[in-house]
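> what would the 3D arrangement of this be:
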Amino acid sequence: MAETESVGFIIGVIGNIISVLVFLSPIGTFWRIVKNRSTEDFESLPYICTLLNSALWTYYGIVKPGAILVATVNGFGVVAETIYILIFLIFAPAKIRANTAILLGIMDVGSLAAAIGVTRFAMHGDLRIDVIGIMCAGLNIVMYASPLAVMIPNGTGFILGAAQLMLYAIYRNAKPSKSKLERLEEGRQHEPLISPCDRVADEVNHQW
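Here you go, the predicted structure:
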């Protein structure tokens, strides 16, 4: 039993180290923002979402017994993401700064306060832990699945484009079928021309 716990603790420490490196990965981006004194084309939404995610996981690690590693690493994430967002707010244009502040207030203040308030006062024991864990897992899924919003339309366009190319390759040498009217017109063009006088003469000859 003790050996199993030791292995689990070691794996948890390794996971925490990897998570810290992930939280530190945007340093290059924000160093560029500080150096150029501009947010350029960067967006704040990924960092706002990551801050909410880290805050919820920190809360989960505090509430759940024996989850100190979850609380510590995500607490570090809260600090790191807060610094990133503050830097973004400092160097962002006025309009983008206002939009970022609104998103920050809605997601990282309002949503987080609502989640903590509901689970803290309306739930107890294992139910509280389970609900917080489900919220954290759900937010993780949404964050990691968000690129599909871009991939799905592009994938559909690729499939439709490929279908068009296949149809073109199949039918590019095919001659268009002629309509019934066109065939009648061609038939009339091939008929011998007979004047009305010739037709009358032929009819008289046939009568005799």
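> contact partners for the closest residue to Thr82 other than its chain neighbours?
In this structure, Thr82 finds its nearest non-sequential neighbour in Leu51, 6.5 Å apart by C-beta to C-beta, 6 or more residues apart in numbering. C-beta coordinates here come from the backbone N, C-alpha and C atoms, glycine included. By C-beta atoms under 8 Å, 6 or more residues apart in numbering, Leu51 lies in contact with Gly77, Val78, Glu81, Thr82, Ile85, Met107, Asp108.
> narrow those to those in strands?
Secondary structure from DSSP state E places none of the contacts of Leu51 in strands.
> greatest separation within those: which pair is it?
Gly77 and Met107 (15.1 Å; C-beta to C-beta).
> okay, those two: which has more neighbours?
Neighbour count, other C-beta atoms under 10 Å: between Gly77 and Met107, Gly77 has more, with 22 against 16.
> which residue, other than its chain neighbours, is closest to Trp57?
Asn74 (3.9 Å).
> so which strand or helix has that neighbour?
Following DSSP states H and E, one finds Asn74 within helix 68-91.
> Ser38 and Ile96, how far apart?
11 Å (C-beta to C-beta, to the nearest Å).
> have a look at these two and say which one is more surrounded.
Ile96 (16 against 13).
> okay, and for this protein, where does confidence drop off?
Applying pLDDT under 70 to the chain flags residues 1-5, 146-158, 160-162, 168, 171-208.
> show me the helices in the protein, by range?
2-24, 27-36, 45-63, 68-91, 94-103, 112-121, 125-145, 148-171, 180-190, 196-207 (DSSP state H).
> rewinding a little: of the contacts of Leu51, just the buried ones, ChimeraX syntax please.
Applying 16 or more other C-beta atoms under 10 Å to those, the buried members can be selected in ChimeraX as follows:
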select :77,78,81,82,85,107,108
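> just the contacts of Leu51 now: which is nearest Ile62?
Distances from Ile62 to these, taken by C-beta to C-beta, are shortest for Val78, at 11.8 Å.
> which residue packs closest to that closest one, ignoring adjacent ones?
With C-beta to C-beta, 6+ apart, the residue lying closest to Val78 is Ser54, at 4.7 Å.
> for the one you found, the count of nearby residues, please.
24.
> for it, give its distance to Pro93.
26 Å.
> next: Ala67.
Distance from Ala67 to Pro93, by C-beta to C-beta: 41 Å.
> could you do Ala55 as well?
27 Å.
> and the two? Which one has more around it.
Using other C-beta under 10 Å as the criterion, Ala55 and Pro93 rank with Ala55 on top: 23 against 10.
> please name the residues that touch Ile48.
Ile48 touches Ile85, Thr100, Leu103, Leu104, Met107, Asp108, counting by C-beta under 8 Å, 6+ apart.
> any idea how many residues pack against the residue lying closest to Thr119 once chain neighbours are set aside?
Distances taken as C-beta to C-beta, 6+ apart put Arg128 closest to Thr119, at 5.0 Å, once the chain neighbours are dropped. As a burial measure, Arg128 scores 18 neighbours (other C-beta under 10 Å).
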